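**Q** Next come a sequence and a model predicted from it.
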Amino acid sequence: MCKLLEHNLNEKEILLFYGNQLNERHDFRIACNGSVREVDTLLFFDSRGISKQFDNSLVDQIIKNLPSSHTFLLVSRPLEITTWMTLYNFILINKIIPKRIITNMGFVDFTPKKMSIIEKSTCQYDLFFSKDEASVIFLEKYLTKSDGVIGLFQQAYPQKFYFALHNLLNSFNTLILNTPLLVPDFLFERDRPSSFFDSLLLTNNFNHSLKINGKVVDFNAFDNSKSYDGVHYTDKGNTHILECIKRYL
């Protein structure tokens, strides 16, 4: 069940999120070097923003390459399931007015998940929309080592939310980092379901369809030197993404 969650940024500032609980892992990080609600740049990322550690992470490298006088608010994976809906809710309930947004949302939205995980995503609709409007699509049955055969599902955004998100993003200059596809011979630490690969294309196509006031950046397919598990990035992967987006920072 989703509810309003509080995070104390400092003695004066409290940020609100809407979800089942705040993420307790190392990749939940919030930092700000200016006025929280009126920063130059809002950086809003899922787990790939930090991956294994903050030093040399993607968000660390982006922050280091911002202009020295630039103010920013970094929000990295506040919820276990951090999606476009998480970003939408966060901006509205906290009345954040950034001059620019840099984000990598989309991957978590559309990748195949167990129904129990899907519910952590779809419940986030309830703050500004009706959860009943969120549709869930069955993708495939998948054999896991721990749970045996499970069903995998994918959420589909209703048009009402799509247009609301589109309008919100067009209020700001927005830089979206699309998800790198993978080379055909990529070696996974663990198997990925076949629907995983289709979801990467769906993610990137959805982001391009937003036609934002800004830029959607695509990247060349990643091999094992740039991603250690097919999702998160190595230092080389982080550096590659940074080099591709430097001109927009």
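**A** Great, that's in hand. None of the values given here were measured: they were computed from a predicted structure. Residues are numbered from 1 along each chain as shown.
**Q** Could you use CA atoms for every contact and neighbour count after this?
**A** Will do.
**Q** Strands of this structure, start to end?
**A** Secondary structure of the chain by DSSP state E: the strands cover 3-8, 14-19, 29-32, 41-45, 72-76, 100-103, 135-144, 148-156, 173-177, 214-217.
**Q** State which helix of the protein is the longest.
**A** helix 194-209 (DSSP state H).
**Q** Check which helices and strands that helix is in contact with.
**A** Packing partners of helix 194-209 (3 or more C-alpha pairs under 8 Å, 6 or more residues apart in numbering; DSSP states H and E): helix 107-110.
**Q** Pull the contacting residues for the residue lying farthest from the centre of the chain.
**A** Distance from the C-alpha centroid of the chain peaks at G148, with 28.6 Å (C-alpha atoms, centre = their mean). Counting by C-alpha atoms under 8 Å, 6 or more residues apart in numbering, G148 makes contact with Y142.
**Q** and what of F196?
**A** By C-alpha under 8 Å, 6+ apart, the contact set of F196 is 111-112.
**Q** picking that back up, which parts of the longest helix of the chain are buried?
**A** With burial defined by 16 or more other C-alpha atoms under 10 Å, the residues of helix 194-209 counted as buried are 195, 199-204, 206-208.
**Q** how distant is it from the center of its chain?
**A** Relative to the centre of its chain, helix 194-209 is centred 14 Å away, using C-alpha atoms, centre = their mean, to the nearest Å.
**Q** That helix to strand 148-156, inter-axis angle?
**A** Relative orientation of helix 194-209 and strand 148-156, computed by axes from the mean of the first three to the mean of the last three C-alpha atoms, to 10 degrees: 10 degrees.
**Q** still on that earlier bit, just the strands of the chain: most buried one?
**A** Among these, strand 41-45 has the highest mean neighbour count (mean count of other C-alpha atoms under 10 Å), at a mean of 25.
**Q** Check the chain and tell me which residue is nearest its centre.
**A** In the chain, the centroid-proximal residue (C-alpha atoms, centre = their mean) is M105; its distance is 3.1 Å.
**Q** Please report the distance of that residue from N56.
**A** In this view, M105 and N56 are 20 Å apart by C-alpha to C-alpha, to the nearest Å.
**Q** Leaving out the residues flanking it, which one is nearest to L169?
**A** Residue nearest to L169 in three dimensions, not counting chain neighbours: I212, with 6.3 Å by C-alpha to C-alpha, 6 or more residues apart in numbering.
**Q** In contact with that neighbour: list those residues for me.
**A** Contact partners of I212, counting by C-alpha under 8 Å, 6+ apart, are 166, 169-170, 173-174.
**Q** I'd like those residues laid out as JSON lines, including distance to G237 and pLDDT.
**A** JSON lines is the format used below for these (distance: C-alpha to C-alpha, whole Å; pLDDT from 0 to 100):
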{"residue": "H166", "distance to G237": "29", "pLDDT": "95"}
{"residue": "L169", "distance to G237": "27", "pLDDT": "96"}
{"residue": "N170", "distance to G237": "29", "pLDDT": "94"}
{"residue": "N173", "distance to G237": "25", "pLDDT": "96"}
{"residue": "T174", "distance to G237": "22", "pLDDT": "97"}
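**Q** which two of those lie the greatest distance from each other?
**A** Farthest pair in those (C-alpha to C-alpha) is H166 and N173. Separation: 12.0 Å.
**Q** related to what we said a few turns ago, got the CA positions of the longest helix of the chain in PDB?
**A** Output of helix 194-209 as PDB, limited to C-alpha atoms (Å, rounded to 0.1, in the frame of the first residue of the first chain):
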ATOM      1  CA  SER A 194      13.200 -13.100 -23.400                       C
ATOM      2  CA  SER A 195      10.700 -10.300 -22.700                       C
ATOM      3  CA  PHE A 196      13.600  -8.400 -21.000                       C
ATOM      4  CA  PHE A 197      15.100  -7.500 -24.400                       C
ATOM      5  CA  ASP A 198      11.800  -6.300 -25.900                       C
ATOM      6  CA  SER A 199      11.300  -4.100 -22.800                       C
ATOM      7  CA  LEU A 200      14.500  -2.200 -23.500                       C
ATOM      8  CA  LEU A 201      13.200  -1.200 -26.900                       C
ATOM      9  CA  LEU A 202       9.800  -0.300 -25.400                       C
ATOM     10  CA  THR A 203      11.500   1.900 -22.800                       C
ATOM     11  CA  ASN A 204      13.500   3.900 -25.400                       C
ATOM     12  CA  ASN A 205      10.600   4.200 -27.800                       C
ATOM     13  CA  PHE A 206       8.400   5.500 -24.900                       C
ATOM     14  CA  ASN A 207      10.900   8.100 -24.000                       C
ATOM     15  CA  HIS A 208      11.300   9.300 -27.600                       C
ATOM     16  CA  SER A 209       7.500   9.500 -27.900                       C
END
